[in-house]
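Visitor: Attaching a predicted model along with its sequence, questions to come.
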2 protein chains.
Amino acid sequence: MLELAVLGLLKETPMSGYELRKQLGVKLGAFWRVSFGSLYPCLKRLAADGALEVEESRFTSRKKHVYRLTSRGERLFQELLESAEVHDLEQDRFPLRLAFFRYLRPETRLYQLERRRGYVQERLADLRASLRAARDRMDAYTLELVDHGLDEREREIAWLDRLIAAERDSTLRGTPRQAPPASSQSMKELQARDREDPTRPDTKVVSSP
Amino acid sequence: MLELAVLGLLKETPMSGYELRKQLGVKLGAFWRVSFGSLYPCLKRLAADGALEVEESRFTSRKKHVYRLTSRGERLFQELLESAEVHDLEQDRFPLRLAFFRYLRPETRLYQLERRRGYVQERLADLRASLRAARDRMDAYTLELVDHGLDEREREIAWLDRLIAAERDSTLRGTPRQAPPASSQSMKELQARDREDPTRPDTKVVSSP
DNA sequence: GTCCCGATACATCGATTCGATACATCGGGC
DNA sequence: GCCCGATGTATCGAATCGATGTATCGGGAC
């Protein structure tokens, strides 16, 4: 969903297609690459739908189309962000959603994190199944691949679990119906985390300084 | 590169499009998904190029196109497998290549592993750069995302390093010019690995029950 | 000064892939 | 006997990819 990325970035700052791509590279360069071949048609589409306004900038001498989000675009952005179809959870799409997570209501965040967790779990199950079915018929490289994939997915689930726990915690704080004013560690955990290996659920926790 | 996958699977066993997709799901289901919308055109393409032969099977009562690799297809497969363009190293394409790694010459394997390592290292550098540039302007979720990505990539590099080391070792064995008959641990390491967490270079190993 | 390079900027092209869907037939269970 | 789910082939429009073309601007080389 390129549209989501475009709307999300333009929501923060109006800019040109070229600049948009650069910013996208900065924000998600390690997860996502966009080509002009998709970006420009997408901008046109969104502009035609009334989600974006174009302004021919002459501040610089060079011609330049500065795109700005309309209120319609704002609504569209929220809709897209809210939706959690199967495809939106796939490997390269989820990082994009996470990058705009702060615009979602906490309970929606929680829901999407759990959906993603379910998805990763399914892929994990795929791997386990293929191991069970054909471990001995696999060559060394395939085995390494599966093995590494297993590890990667287990780690992602552990990571998601941390996010979910923190989210749940702060959701409680956010809606203090009968919330005990107990642990206020939640969002701080998300904000000022220390760069240490997270405690993996199925791993013995050894020390905590 | 769907073609590579198709050729690689058909090299081992001739089959129909439907079955092909299933096998692909078994082998790489957790990394790759193919739709019939891409598979059937691809099969036609390859058949038109003379890389595949079609046989209308009537062994089963149901109509069925069984595709078989020709020698031309064999050559095409090797060519595709040998190439290591930038795109072939990207996130979802590399697992596919690894699945057919055994068909490559050891030195080509080594070369491709190193290219992949370089690629991942670049993505890692992207992440580190964006951290340096904007760590304080990032919201908690983006930070988590980057952080997790950092960890994931570091682990992949460690994993690749293990594969490279094993490969190098067995390459030496494979071409015993003046090879000292020392450590013969190489391919055994790849074949009969124990399911344990590999020692990560920059992480202290704490316990092993 | 001017010449060339690299960054900025917009655009399009063909090929490929995606995702959905349609439409058959077969085997087996109930 | 009838329906369900697996097996099979096929196509459609839309989205995306990757390459490429074109032009302008700023700035350093000489």
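Guide: Arrived safely.
Visitor: What is the burial count for residue A:62?
Guide: Under the neighbour criterion other C-beta atoms under 10 Å in any protein chain shown, residue A:62 is assigned a count of 8. Backbone N, C-alpha and C define where each C-beta goes, glycine included.
Visitor: Quick one: find the helix or strand in chain A with the lowest mean pLDDT.
Guide: One helix or strand of chain A scores below all others by mean pLDDT, DSSP states H and E: helix A:186-191, with a mean of 54.
Visitor: Just say helix, strand or coil for the closest residue to residue A:14 other than its chain neighbours.
Guide: Spatial nearest neighbour of residue A:14, chain neighbours left out: residue A:68 (4.0 Å); criterion: C-beta to C-beta, 6 or more residues apart in numbering or on different chains. Three-state call for residue A:68 (DSSP: H, G, I helix; E, B strand; the rest coil): strand.
Visitor: Can you name the residues bridging to residue A:68?
Guide: Beta bridges link residue A:68 to residue A:53, judged by DSSP bridges.
Visitor: DNA strand C versus that one, what's the distance?
Guide: 12 Å (C-beta to the nearest atom of the strand, to the nearest Å).
Visitor: and if you look at residue A:38?
Guide: In terms of C-beta to the nearest atom of the strand, residue A:38 sits 8 Å off from DNA strand C.
Visitor: go on, residue A:25?
Guide: 10 Å.
Visitor: count of residues packed around that residue?
Guide: 15.
Visitor: Near the residue nearest to it when sequence neighbours are not counted, how many other residues are there?
Guide: Spatial nearest neighbour of residue A:25, chain neighbours left out: residue A:33 (7.6 Å); criterion: C-beta to C-beta, 6+ apart. By other C-beta under 10 Å, 12 other residues sit near residue A:33.
Visitor: and residue A:33, backbone torsions?
Guide: Per-residue torsions, residue A:33: phi -130, psi 140 (degrees, to the nearest 10).
Visitor: name the element residue A:3 belongs to?
Guide: helix A:2-12 (DSSP states H and E).
Visitor: Show me how far the longest helix seen in chain A is from its chain's centre.
Guide: When chain A is parsed with DSSP state H, its longest helix is helix A:140-174. Distance, stretch centre to chain centre, for helix A:140-174: 14 Å (C-alpha atoms, centre = their mean, to the nearest Å).
Visitor: Would you check that residue A:121 makes contact with residue A:158?
Guide: No. With contact defined as C-beta atoms under 8 Å, residue A:121 does not count as touching residue A:158 (11.7 Å).
Visitor: thinking again about what came up before, near chain B at all, the longest helix of chain A?
Guide: Yes. Using C-beta under 8 Å from any C-beta of the partner chain, helix A:140-174 reaches chain B at A:140-149, A:151-153, A:155-156, A:159, A:163.
Visitor: What is the end-to-end distance of stretch A:24-34?
Guide: End-to-end distance for stretch A:24-34: 8 Å, by C-alpha to C-alpha, to the nearest Å.
Visitor: pLDDT of it, averaged?
Guide: Mean pLDDT, stretch A:24-34: 90.
Visitor: what about the residue of chain A found nearest DNA strand D, neighbour count?
Guide: Closest contact between chain A and DNA strand D, by C-beta to the nearest atom of the strand, is at residue A:37 (2.1 Å). A total of 8 residues lie near residue A:37 under the criterion other C-beta under 10 Å.
Visitor: element containing it, please.
Guide: helix A:36-48.
Visitor: now residue A:108: how far from residue A:102?
Guide: 12 Å (C-beta to C-beta, to the nearest Å).
Visitor: between the two, who's got more neighbours?
Guide: residue A:108 (14 against 11).
Visitor: isn't that one right up against residue A:82?
Guide: Yes. Residue A:108 sits in contact with residue A:82 when judged by C-beta under 8 Å, with a separation of 6.2 Å.
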